[in-house]
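Student: return atomic coordinates for the entry below.
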Amino acid sequence: MSITGNLEKIRSTLPAGVKLVAVSKTKPNTTILEAYKAGQHVFGENKVQELVAKYEDLPKDIEWHFIGHLQTNKVKYIAPFVAMIHAVDSLKLLKFINKEAAKNNRVIDCLLQFHIAQEESKFGLSLETAREMLTSEMYQKMENVRIKGLMGMATLTDDEKQICNEFKLLKTIFDQLKTDYFSDKPSFSEVSMGMSDDYLLAIEQGSTIVRIGSTIFGAREYQ
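Tutor: Here you go, the predicted model:
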């Protein structure tokens, strides 16, 4: 099936209010343009250098999401244009994003990444660390970042019950933080969870953003 056909098939499974981020990492511009012409304008990248190059070459109305682990020294390269940073996993990183956003007269939307999987290799905050971050004086003074919600990745497993429980945990944490810190902020509304293999399970548990690559573009091309 074509990229257009793949996109139509996926869109038909998404409820209203669930945003599709097409994960275009390692994909050439021609492939991204094919998806763009099929009406997909939100793309996700996980390498700063690749994202900057694609931003410069591709249509300017593309909404770029950074979905990978972001190093503080790389924030400045994407701060002028990135629409959302999905994987904020420390107060230090948030501080750098705020600083670079201010230099560009922008407010950058961010998601806090939580460690919900059983795999140690995944990055992410604990609820305790997040609470410390949100009550810190440093965070209270930040004017150029807007925390819009949470992001998490489930364990890579065939056990659907485990995956559902991990997604359910992220939604529970979201609800707790919404009540405790963001009750007066309607913009705190996003739960980014679910990829090609598990996005339907994620939607069942309350996902509002799904990040799908291989189901749209085919297997990843490693460089």
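Student: C-alpha from now on. contacts and neighbour counts both.
Tutor: Will do.
Student: now do the contacts for residue 195.
Tutor: Shown in contact with residue 195 (C-alpha atoms under 8 Å, 6 or more residues apart in numbering): 210, 211, 212, 213.
Student: could you look up the SS state of it?
Tutor: coil (DSSP: H, G, I helix; E, B strand; the rest coil).
Student: assign residue 21 to helix, strand or coil.
Tutor: strand.
Student: model confidence for it, exactly?
Tutor: With respect to pLDDT, residue 21 has a value of 98.
Student: tell me which element residue 113 is part of?
Tutor: Using DSSP states H and E, residue 113 falls within strand 108-114.
Student: residue closest to the middle of this structure?
Tutor: residue 86 (3.2 Å; C-alpha atoms, centre = their mean).
Student: which residues in the chain form strands?
Tutor: Assigned by DSSP state E, the chain shows strands spanning 19-23, 42-45, 63-66, 84-88, 108-114, 145-152, 190-192, 209-212.
Student: I'd like to know which of these lies nearest to residue 166.
Tutor: Proximity to residue 166, assessed across the strands of the chain by C-alpha to C-alpha, is greatest for strand 145-152 (8.8 Å).
Student: what residues sit buried inside that closest one?
Tutor: Judged by neighbour count using 16 or more other C-alpha atoms under 10 Å, the buried positions of strand 145-152 are 145, 146, 147, 148, 149, 150, 151, 152.
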